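K.L.:
Have a look at this prediction, sequence included:
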Amino acid sequence: MPRDRQIRPDRRTLLAALPALALPALARAQVATSASWPSRNVRFVVPFAPGGPVEVPARFIADHLSQRFGKPVIVEARPGAGGALGIQAVLAARDEHSFVFTTGSVAIVPALRSNPGYDPLNDLVPVTLVSEVPLAILARLDGRVKSLQDLLTHAKAEPGKITYGSSGVGATTHLAGELLKVRAGIDLMHVPYRGVAQAVNALYAGDTDLMVTGLIEGVTHIREGRLLGIGVTSPQRSPVVPDVPAIAEAVPGYSMVIWYAILAPRGTPQEVVDLLAREVAPLAQGSVLAQRLRDSGGRLLLDGPAPLAARLREEVPMWREVVQRAGITAN
């Protein structure tokens, strides 16, 4: 038999065996990376002012991870530009130990600013959604709008005459109203205020017909019978105010929730991302934080990278459309 015919079968056999030989080596490399991480302090950058609501889950989860890792997990506030500055700081670090602990603004800011300094779909790696809380639309007891159907009826009959207050231009409370205008095909007049407290006062005073606020802030007014809850922005009704309809019942496809998430800079090893997601996942069941969120109408999710990636793919283009149609620009 010629020499080349003797060699080629052996070569084919070796090539066929290479994938099987490589898999155990790859597995060992992943295990080694996971076992050696973290090699120093882990940092959660919250891209908002200290003391804000996002710090509560950030510090709770950081304390849990500090105990699990045996190394400090530090929460660092880096406010500015609607959250963009903190995200840019994490992208600049790219050290496999710095993460962004942020809100759904990560998908909104690129629609409001021409150059936010990051691309949420390409520069950031999803770790996990942390939590979500719906918003609520509130009305006065003596106002002309007393139900969700009233809102839709009046808004269609008198375009631009129904007013709603929010906590500011570009805030989630503002965008929830703009999204309702797009989905329901109605026109509402937006009245921005400098915070939730001012918007509530304006509603009580009769300066506005409605206001949009987080359900956590709105539930007390609803339960005490001081304001009407005419709709929640989650796809289904909230168990904390079961008599208040979901807007989606009258406007199919409408959904807008306040959500928090953990993201890593591009280039972070996937095994590190997966390890971090696995370590926080058990908190979704039975933790103090989970119970507090349930009591406020929210949910602690901690369901890994895939749901967060799907949400970003959906919301980044959605907010670009809403912002463009509403003509909103950042302050």
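P.N.:
Thanks, I have it.
K.L.:
And the helices in the stretch 151-300 of the chain?
P.N.:
All helices of the stretch 151-300 of the chain, identified by DSSP state H, counting those that start in this stretch, fall at 172-184, 196-205, 215-223, 270-280, 288-295.
K.L.:
Can you tell me which of those is packed in deepest?
P.N.:
Most buried of the helices of the stretch 151-300 of the chain, by mean neighbour count (mean count of other C-beta atoms under 10 Å): helix 172-184, with a mean of 22. All C-beta spots, glycine's among them, are computed from the backbone N, C-alpha and C.
K.L.:
tell me the mean pLDDT over that one?
P.N.:
For helix 172-184, the mean per-residue pLDDT is 96.
K.L.:
now do stretch 304-324
P.N.:
Mean predicted confidence for stretch 304-324 is 97.
K.L.:
circling back to that earlier point, nearest to Leu124, out of the helices of the stretch 151-300 of the chain?
P.N.:
helix 270-280 (10.9 Å; C-beta to C-beta).
K.L.:
hmm, back to that, with distance to Leu302 as added columns, please give the helices of the stretch 151-300 of the chain in CSV.
P.N.:
Formatted as CSV, those follow (distance: least, C-beta to C-beta, whole Å):
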stretch, distance to Leu302
helix 172-184, 21
helix 196-205, 27
helix 215-223, 19
helix 270-280, 5
helix 288-295, 9
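K.L.:
Now do the longest strand along the chain and helix 288-295, the angle between them.
P.N.:
Ranked by number of residues, the top strand in the chain under DSSP state E is strand 124-139. Per axes from the mean of the first three to the mean of the last three C-alpha atoms, to 10 degrees, the angle that strand 124-139 makes with helix 288-295 is 30 degrees.
K.L.:
Walk me through the domains of the chain.
P.N.:
Per the record, the chain has its domains at 42-133+259-326, 134-249, by automatic domain parsing.
K.L.:
Next, the distance between the ends of the shortest one.
P.N.:
The separation between the terminal residues of domain 134-249, taken as C-alpha to C-alpha, to the nearest Å, is 15 Å.
K.L.:
do you know how far Val169 is from Leu289?
P.N.:
31 Å (C-beta to C-beta, to the nearest Å).
K.L.:
With Glu321 instead?
P.N.:
For Glu321 relative to Leu289 (C-beta to C-beta), the value is 34 Å.
K.L.:
again, but for Gly165
P.N.:
As judged by C-beta to C-beta, Gly165 and Leu289 stand 30 Å apart.
K.L.:
re the thing from before, which one of the helices of the stretch 151-300 of the chain lies nearest to Gly70?
P.N.:
When these are compared by C-beta to C-beta, helix 270-280 sits nearest Gly70, at 12.1 Å.
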